[in-house]
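Colleague: Predicted coordinates and the sequence they were generated for:
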Amino acid sequence: MGKFLLFILCIGAAIVPKAAVAADQNDEGKELYRQKCVMCHGQEGNGEGPARAAFSPPPTDFTAPQFWQRKDIDQFIATTVKNGHGSMPAFELPPENIQAITDYMTHAFRQASQ
Ligand code: HEC
């Protein structure tokens, strides 16, 4: 039993730091998305943010499969965030923040679109 417990503790120690890092990165993207994008694109990524009514065309729906069919989708999101698009404002964000947002969107909304 003592050996078994030790074994579990070792596995735990080996796994936890990695999981914590992954969660951090994802949390960063989620937090940035919440601060910068939710008001228009919505918590669920479906374009139903509180500011939706002010925009025509409306904020893009990230849960639509067509959105993710675009080639170079990461690059496309990064360019849109940097330059803005139509009535969407441009954002001054370092590339690693944009990457974190893109990763979060892929994780949270791309799956929901399939
Ligand atoms: C003030 C409202 C607003 C905010 C904030 C906002 N967007 Fe948008 N976004 C829009 C609107 C409106 C469109 C559709 C514009 C159009 O099609 O003319 C859009 C379109 C997009 C598109 C598709 C562009 C295209 O060419 O089809 C992407 C990608 C996008 N937004 C990502 C983001 C991300 C990521 C954030 C957060 C960093 C964000 N947006 C924040 C309003 C917003």
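Modeller: Cool, the structure landed.

Colleague: Can I take it that residue 39 is in a helix?
Modeller: Yes. With DSSP: H, G, I helix; E, B strand; the rest coil as the criterion, residue 39 is located in a helix.

Colleague: Could you tell me how many residues sit around it?
Modeller: Look at residue 39: counted by other Cβ atoms under 10 Å, it has 15 neighbours. (Glycine included, C-beta is placed from N, CA and C.)

Colleague: Same question for residue 102.
Modeller: Other residues within reach of residue 102, judged by other Cβ under 10 Å, total 19.

Colleague: Grab the nearest non-local neighbour of the closest residue to the ligand within the chain.
Modeller: With Cβ to the nearest ligand atom as the measure, residue 86 is the residue of the chain nearest to the ligand, at 2.3 Å. Leaving aside its chain neighbours, residue 86 sits nearest to residue 57 (6.8 Å; criterion: Cβ to Cβ, 6 or more residues apart in numbering).

Colleague: With residue 55 instead?
Modeller: Leaving aside its sequence neighbours, residue 55 sits nearest to residue 87 (Cβ to Cβ, 6+ apart; 5.3 Å).

Colleague: and what of residue 97?
Modeller: In space, residue 97 is closest to residue 32, 5.7 Å off (Cβ to Cβ, 6+ apart).
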